[in-house]
Each structure stands twice: as structure tokens, then as C-alpha cells.
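Q: have a look at this prediction, sequence included:
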Amino acid sequence: MHGSRINEYFEKSKYLFLSFFLIFFCQSGYGLCHPESLQLKKNQETLQHEVVVVLKLVQVYVTDKDGNPVKDLEKPDFVIYDNGKLQTITDFEKHFLVKPEKKAKEEITKTELSPPKDISSRMNRKFSLILDMDRNSIAGINKSKKAALHFIDTQLQLTDEVGILSYSFIRRLVVHQYLSSDHEKVKEVIRKIKEVPGMLLPGNSWVGDEALGEQPDIVGRTNIFIKIIKELAKALRYIPGYKNIILFSAGLREDLLISPDQVLRENYEDMSKEFGASNSPVYTVNTSDVARSLSLKMLSELSGGKYFHNVDYYERITEQIQSVTCNYYVLGYYIDEKWDGRYHEIKVKIKRSECIVHAQGGYFNPKPFSEFSETEKQLQLMALALSENPYFEQPLRFPMVALPFSNKKESNCVLLSEIPVEKIKDISWQKTEITTLIFDKENNVVDSSRGEMSLAAFSQKKIYHYEIQSLAPGQYECRVVIRNLETGKGAVASSSLTIPEIQASGISLSPPFILIPDKVSFYLRTSKPEKEKPGDEPLSLIKIYPFLSNKHSPLIEELEEGTPKLLAIIPCAVANIEEPDIQLSSCLIPHSTGEKIPLSFSIISAEKEKEFDILLIELELPELRPGKYSLEIGAEEVTSGSKSNAIRTFKVSQKD
């Protein structure tokens, strides 16, 4: 592991999954800044401003006394209070999903629903399907997956968003799929879930826990589940509108809730109430023949959801969930919002008699970063890293490139980002942290590092920050987050990365490290370098790319129009070929045409590093018009016929 790892920072409280969940539920805004608040006016100088004018959106379900949806209400029929103060409703939306006329039986493949009138609404339906592996059997898990697939196939409409989670004692809460309207992708994720069940069966035999080495304490194990799910419910406070939770579980053992020791029951009730306070009704579906309805009923009743006693009736269950959630109104009103973190109570009334109103109970104001708890700071960091378009504080973006360079198991990639000092000085002039996060294709954090700095100490206009990482072969998403530790303001760089499998024989090129001649550079590494092996020198950028000079600057993303030439450092691995004869080629591909333009080049220098040849070449560039380009370097070993190529993509910008 490299540098100062923030894995330990996260391990202090096992809530990293909550960060994912906020992104999972809030695709265009990070939760801690309340995406339900559409900011109209704010102080650009600081996050700790006193008051902003925002639009609050409230989701409202209205039924008659028989539970049927009331669909003919208009804006004047509603009255809304915020902390007891009557509000003027300025925004109004209707969402009613109507089943089409019945088709012939052979034509029906799924229940189709017409989209709502405003498919771009900020309050479309959200569903989280949670598979409780710890309180389940293999049969129960299979039935849960079958019911989940049926729900997606028959009850969702195009704009609905759905995500998949599971809970197990060993892995805790796992996000298998973030909130997505790609329903086919979500179904594929469900089919691939292969968690181990952990139900305590009659006879006190705990299924699936042999790896733990000893019989777990049932009370302690249950309290861990309650604690984690309660934190999940708290995190949902920050997400606008209703968040519908469908939990597939066999429930808790009933003796745990009726024992003389009432602490566990009180904890479970508090957990259930947190979902209600977060406007997240839980629809519980019993997956077991064993009578364990007490805990599931309690969770549904206290959260505002509904209990279903037998997963075998999944067709009827999914239709009932659909009926409850498919018809709603959205009310909007403007308020002066203070950054004090206080709770606001919302009450919605209908002027028409005999209508029953179900609306969120309230919301929390944002608060200054200095008042965040450690858990909230972790959530905000992950939200900065993962959220593409936050409503409130849009993070500044800066460029980064991820370069694999090795054909061995040790350190094998460099993350290089270009920090524009002037552009982000409002963020990083004071005490600042730089955090590097690497996510695998399932969005798990597989590596991380953290350092602190203040850009006030640097006179350079640009700083090139780098980290060296060790990763297994696979696909990754990389993020570098710069965050002011006093205000919470942030800047983010991102890049995708593929680490190839180790090649047993043949030739293999790594992506070139491209340099722009006659441009001064300054490199910075904020984490502490570590040694590959005892006695080795710590691995550095100059050791990986030996021709680096601060008289040249790296090409990260943009090349200025009119640049006549480039330098490229190319690691070339050769395995099991004696006296290789390597021939290089080079071309440039404008994305506008796709045409390959051969480039003239010359090899300036070469060094041998164990199994690597490291080449420095100079490339002559034609006149390039602004646009996107790919530089392709090819290599062929003449004797064996082995071939490899490496590609770097960049943009040519118009000269100032």
C-alpha cells in the first residue's frame, strides 16, 4: 500500500457504504447539500453563507377513504405549512401512471404504464430493493430475486429509477447497482448476485458462517444489523421526496423482540422510525415459512410502508406496491433557507373533504462544513468523488490521466493530474487535503491515499500531482479530490483505467507519457512513497519515466494549437524473446474524420530497466485544428511477429 491510506480513516466508522448510497439515490446531487433545494441565489465566496433562496419540493400522495388515489386535484386544492408558516405554492406537478387498455393475452408481455406528463421531473419514483442475506435461506434468496425481477418487468415505467443492495454479516451493506433507469442492466445485476445466506435455522445451526470460525452471538449480530440499517435511514434524510424501500427478509427471531431485555427492541423501533422520518416507507416481504412477522410488521408500520406475509404471492405484492406508489403530486414553494442544520416540519392539507394525505414529514437545513460530523465529512468526500452534477456546490473540475506502465505484480500505474493553481485558489489556498480514490467496476474502494497541503506555498501556475498505485488486472475509475478542510469546497479530477493481464510472452507497449517541450513543470506527490521491497529505493516518477525534465510539461488533456512537436516516453515490455528486433510506428487520428495520419518521429534515447525498454521519441506534428485526437504508437517484434499498440487521447485547443 502507498502513502497515507484513508482506508483506516474510513474503518473508524463502517459507513463508507452510506456515501455510495447517497450517490445511489441522488444521481444529480450529493445528499449533504440537500438536492431538494434548487438554489437561486448564493454567496459564491463561501459555503457558510447565512441565507439562500431555494425552491423546496414536496412529494404528496392523496387517497380517498377506501385507499384509491385521488387524481383530479389542482394547485389551489393544497395548503402547505413549513414550521407552522403558511407557504405560497409556486410549482405544481401531477404524476399518474395509467395502465393501457387490456390487450389480447398473447400480446401481453408485461404491464405497460404510460409515462408521467413531465418525464423530466426532479421527483420521479425511486426504488431500493434490499436482499437481506443474513435472515434468509437459499430458497428465500431465490424467491426474492424472482420477485424483484418480476417487479422490474411488470411495474416499472421508463423514468423510474431502481437500485439493488444486499446485507450480510460478513460484507455488511453492499450496493450492487446504483440507482438507474437502465432496467435491463439492473435485472442482470440481480441475476448475478450470489451471496451466502445466513439464517439461523431450527436447531441453532447457522448457515453460511463456517468462515467466521465460531458461533456468532445472535444479539450482537442483530444489533450490528440494526445499527447499519439505522445509519442508512438517517442518510436518506438528505434525499428529496419519497424513497421507496422493498426489503426481502425472513425477519428477526421474535424472541429477540419480546425478551426481558428491551434494549434490542428499542433499537429496532428507533431504526424503523428513522425510515419514517426520512420519508422512506419500507415494504417488507416475508421470505420464510417460519412465523417471523413481528419485526417485519413493526418496520413497515413505523416507516409508513406495508407488510406482505408471503413472497410466493409476488405477483399480487408487486401490484399492490405499484398501486401505492404510482400516483402522486409534487408541490414547490420558495423559502429563505439558513445554513443551520435545523429540522423543518412540513404539514400538507387538502381543502376537499374525505381526502387522506400522505406527505413527507419534513427536511433538514444544510449546515456549514465546520459543523459536519466525521461521518458526514466522509459522505461529502465520497459525494464529491462520485456525483457528476451536484445541485448546490458544483465542484471545480481539473484534468487527470491514468497510465498503466508495468508488466509485473508490483506498482503498475501512475495517476497524474494537472492542478490549475489560480483557478482553484479559493478552494486550496488554506488547509487542504488531496485524496486519491480508486474504485473497481462494482464501485468498491480498492485503494486510496491522502495528503495535506496549502497551495499558498507555491508560485507555479500549474502543479502536476501524481500517485503511484498497485492494482490487480481489471477496470477501474480513479478520482482525485481536493477539499478545503475549513469550508468543504472541492475540486475533482477523474479518469478511467484498465490494468491488463500480465503477458507471459511477446511485446507489450504501455500508454506513452507525453511531454510538451519548452513548458516548465512542477511535480508534487502528497502521499509518502513506499518501497517495493525491503532494501529498495522508494518508487518515484523519475524512476518510472527516466527522461522526465521540469523543462517540459506533461500533456494531460489539452494541447495548444500550433504546437510543432511532442516528446513521448514509452515503456516497452518484452517477455521470452531473445534479442528482440522492435519496429515502431506512429499515427494521429482526428476524431472528426477517423482518418489515420502517419507521423514522422525519431528515437532520441533508450534505457533498459529489467524486462523493460524505455524509449524517448520525438514526434513531428502537422498543423492541427481544434478538436479531439488520438495518438497511436505501434510496435512489432520482427522475429516473433508479436504486435502491440498504445493510445493516448487529447484535445487541441484554440491558441489564445
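A: Noted; the coordinates are in hand. Numbering: from 1, shown residues only.
Q: domains of the protein?
A: Domain assignment for the chain, taken from automatic domain parsing, gives 1-34+369-502, 35-99+112-123+326-365, 126-325.
Q: mean pLDDT and distance to residue 561 for the ones you listed - can I get that in JSON lines?
A: (Glycine included, C-beta is placed from N, CA and C.) Formatted as JSON lines, the domains of the chain follow (pLDDT from 0 to 100; distance: least, Cβ to Cβ, whole Å):
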{"stretch": "domain 1-34+369-502", "mean pLDDT": "75", "distance to residue 561": "17"}
{"stretch": "domain 35-99+112-123+326-365", "mean pLDDT": "76", "distance to residue 561": "31"}
{"stretch": "domain 126-325", "mean pLDDT": "84", "distance to residue 561": "38"}
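Q: could the ones you listed be laid out in JSON lines, adding mean neighbour count?
A: Listed next are the domains of the chain as JSON lines, based on neighbours: other Cβ atoms under 10 Å:
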{"stretch": "domain 1-34+369-502", "mean neighbour count": "19"}
{"stretch": "domain 35-99+112-123+326-365", "mean neighbour count": "16"}
{"stretch": "domain 126-325", "mean neighbour count": "19"}
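Q: same list (these) but as CSV, adding distance to residue 524.
A: Listed next are the domains of the chain as CSV, based on distance: least, Cβ to Cβ, whole Å:
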stretch, distance to residue 524
domain 1-34+369-502, 5
domain 35-99+112-123+326-365, 26
domain 126-325, 32
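Q: out of these, which gets nearest to residue 522?
A: Closest to residue 522 of the domains of the chain, according to Cβ to Cβ: domain 1-34+369-502, at 4.6 Å.
Q: how about the helices of this structure, start to end?
A: Secondary structure of the chain, counting by DSSP state H: helices at 7-11, 16-25, 138-155, 183-192, 218-235, 254-257, 263-277, 293-303, 314-325, 374-386, 425-428, 541-544.
Q: figure out which of those is closest to residue 287.
A: Closest to residue 287 of those, according to Cβ to Cβ: helix 138-155, at 3.5 Å.
Q: so what's the residue sitting furthest away from the middle of the chain closest to, chain neighbours aside?
A: Here the centre of the chain is the reference, and by Cα atoms, centre = their mean the most remote residue is residue 579, at 47.5 Å. Excluding the flanking residues, the one nearest residue 579 by Cβ to Cβ, 6 or more residues apart in numbering is residue 639, at 7.9 Å.
Q: show me what contacts the one you found?
A: Counting by Cβ atoms under 8 Å, 6 or more residues apart in numbering, residue 639 makes contact with 577, 579, 580, 581.
Q: hmm, which of those are the buried ones?
A: In terms of neighbour count (16 or more other Cβ atoms under 10 Å), the buried residues within these are residue 580.
Q: nearest residue to residue 330 other than its sequence neighbours?
A: Counting by Cβ to Cβ, 6+ apart, the residue nearest residue 330 is residue 93, at 4.0 Å.
Q: could you check how far the one you found is from residue 328?
A: 9 Å (Cβ to Cβ, to the nearest Å).
Q: again with residue 69
A: From residue 69 over to residue 328 the distance is 8 Å, taken as Cβ to Cβ.
Q: got any residues that touch both of the two?
A: 61, 62.
Q: where do the strands sit along the stretch 501-650 of the chain?
A: Here the stretch 501-650 of the chain has its strands, by DSSP state E, counting those that start in this stretch, at 506-509, 513-516, 523-524, 553-554, 558-560, 565-575, 582-590, 597-598, 601-609, 612-620, 627-637, 643-653.
Q: in its sheet, which strands sit next to the fifth one, and in what direction?
A: Right, strand 558-560. Take DSSP bridges as the rule and strand 558-560 pairs in its sheet with strand 643-653 (parallel).
Q: ok, and what's touching the partner strand?
A: For strand 643-653, the surrounding residues in contact (Cβ under 8 Å, 6+ apart) are 401, 506-512, 514, 555, 557-561, 570, 624-637.
Q: buried stuff in it?
A: Neighbour-count burial for strand 643-653, with 16+ other Cβ under 10 Å as criterion, is recorded at 644, 646, 648, 650, 652.
Q: what's the closest of these to residue 173?
A: Taking Cβ to Cβ as the measure, residue 173 sits nearest to residue 648 out of the buried residues of strand 643-653, at 38.7 Å.
Q: residue 416 versus that closest one, what's the distance?
A: 12 Å.
Q: before we move on, what about residue 550?
A: Plainly put, residue 550 is 14 Å away from residue 416 if you go by Cβ to Cβ.
Q: then residue 636?
A: 28 Å.
Q: over to residue 281?
A: Residue 281 is 47 Å from residue 416, where distance means Cβ to Cβ.
Q: cool, residue 153 as well?
A: Separation of residue 153 from residue 416 (Cβ to Cβ): 45 Å.
Q: thought residue 503 was touching residue 573?
A: Yes. With contact defined as Cβ atoms under 8 Å, residue 503 counts as touching residue 573 (6.9 Å).
Q: quick one, which of the two is more surrounded?
A: For residue 503 and residue 573, the more surrounded residue by other Cβ atoms under 10 Å is residue 573, and the numbers stand at 21 against 15.
Q: which strand residues bridge the more buried one?
A: Residue 573 forms beta bridges with residue 508, residue 612, as assigned by DSSP bridges.
Q: can you tell me which residues contact it?
A: Contacts for residue 573 (Cβ under 8 Å, 6+ apart) come out as 406, 407, 503, 507, 508, 509, 510, 611, 612, 613.
Q: contacting residues for the fifth one?
A: Residue 508 sits next to 407, 500, 572, 573, 574, 575, 644 when contact means Cβ under 8 Å, 6+ apart.
Q: please repeat the previous calculation with a cut-off of 10 Å.
A: Contacts for residue 508 (Cβ atoms under 10 Å, 6 or more residues apart in numbering) come out as 406-407, 500, 502, 571-575, 611-612, 635, 642-644, 646.
Q: mind checking how far it is from residue 599?
A: 21 Å.
Q: and the strands in the stretch 351-500 of the chain?
A: So, for the stretch 351-500 of the chain - with DSSP E, counting those that start in this stretch - the strands run 356-359, 362-364, 396-397, 400-404, 413-420, 432-440, 445-453, 462-469, 474-484, 490-499.
Q: return the list of helices and strands in contact with the third one.
A: Where contact means 3 or more Cβ pairs under 10 Å, 6 or more residues apart in numbering; DSSP states H and E, strand 396-397 is packed against helix 425-428, strand 490-499.
Q: rebuild those as a markdown table, extending it with distance to residue 268.
A: Output for the helices and strands packed on strand 396-397, formatted as a markdown table (distance: least, Cβ to Cβ, whole Å):
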| stretch | distance to residue 268 |
| --- | --- |
| helix 425-428 | 43 |
| strand 490-499 | 37 |
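Q: of all those, which lies closest to residue 129?
A: Across the helices and strands packed on strand 396-397, residue 129 has its closest neighbour in strand 490-499 (27.9 Å, Cβ to Cβ).
Q: may I have the strands that pair with that closest one, each with its orientation?
A: Strand 490-499 is paired, per DSSP bridges, with strand 396-397 (parallel), strand 474-484 (antiparallel).
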